[in-house]
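Participant: Can you look at this prediction? I've put the sequence above it.
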Amino acid sequence: MNEEKELIRRFNAGQSDALHCIYERYKITLSRVARALLSDPAGCEDVLHDVFVQFAAQSGRFRLKGSLKGYLAICVANRARNVNQQARPVDAARLREARISHQEENHPVQAAQRSELLETLISALQQLPAEQRQVIALHVLGDLRFREIAKMSNVSIQTIQSRYRYGLQKLQTRLNGEFER
C-alpha cells in the first residue's frame, strides 16, 4: 500500500514514469478482469487503453482512499460493461480465433484441450448476469476482497457475497452439465 501511495504521489507530481509503472504493475490483473467480462476478448487492450487514458487525465488531482488496484479493476469492469452494452453481436469464429491464438505450439494436444476448456469456461461465464460475472472476475482474477468490491461498487458486502455465491453455483451447474455430455 505504501508503494501505491508513492506511485500516486509521483503520478500527481507529473512524473511521467509513474503512469508507466502503474500500468506495468497492474496490466496483467486488469487484462484478466477485462477478458473475463468482455463479450469480445479482442477488445481487452482497448478497454485497458481507455481506462488508462481517463486515469492519466486525472494527473495532479487524483485522490484515493482505498487500493489503486481495486480502483483500476472497478474502472476496467465498468468500461467492459459499457463496451458490452454497445457491442453488436460478435462473430463466433472471430471469438474462437482470439481464444486459440495463445496456444502453445509445442504441445498441440494439451493446447487444444486447454483451448476447449477455456472456451467452455468463458461461454459459461458470459451466460451469467453481468453483476455476478463482474464480482467473480474482480474477486478471482482481480484478486480483490469482497469488501473492496463492495466499497468501490457502492453495494453492501452481503450483496457482493451473494452475487459471488449465486454466480459460482450457476457456473458449477452449467459446467457440470457441459462435462456430462
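Facilitator: Looks like it came in fine.

Participant: From what I see, residue 136 and residue 166 are in contact.
Facilitator: No - under the contact definition of C-beta atoms under 8 Å, residue 136 does not touch residue 166, with a separation of 10.0 Å. Placement of C-beta: from N, CA and C, glycine included.

Participant: what residue lies at the spatial centre of the chain?
Facilitator: Relative to the mean C-alpha position of the chain, the nearest C-alpha, by C-alpha atoms, centre = their mean, is the one of residue 33, at 1.1 Å.

Participant: Let me know the helix or strand that that residue is in.
Facilitator: Residue 33 is part of helix 16-37 when elements are defined by DSSP states H and E.

Participant: tell me the angle the following helix or strand past that helix makes with helix 16-37.
Facilitator: Moving toward the C-terminus from helix 16-37, the first helix or strand encountered (DSSP H and E) is helix 44-56. In this structure, helix 44-56 runs at an angle of 140 degrees to helix 16-37, with axes from the mean of the first three to the mean of the last three C-alpha atoms, to 10 degrees as the basis.

Participant: Can you list the helices and strands that helix 44-56 packs against?
Facilitator: Contacting helix 44-56 under the criterion 3 or more C-beta pairs under 8 Å, 6 or more residues apart in numbering; DSSP states H and E are the following elements: helix 16-37, helix 68-86.

Participant: And those: which comes nearest residue 120?
Facilitator: If you check each of the helices and strands packed on helix 44-56 against residue 120 by C-beta to C-beta, helix 16-37 wins as the nearest, at 13.9 Å.

Participant: Can you give the distance from the helix holding residue 33 to the centre of its chain?
Facilitator: 10 Å (C-alpha atoms, centre = their mean, to the nearest Å).

Participant: Low-confidence ranges, the protein, go.
Facilitator: The chain contains residues with pLDDT under 70 at 1, 87-107, 118, 178-181.
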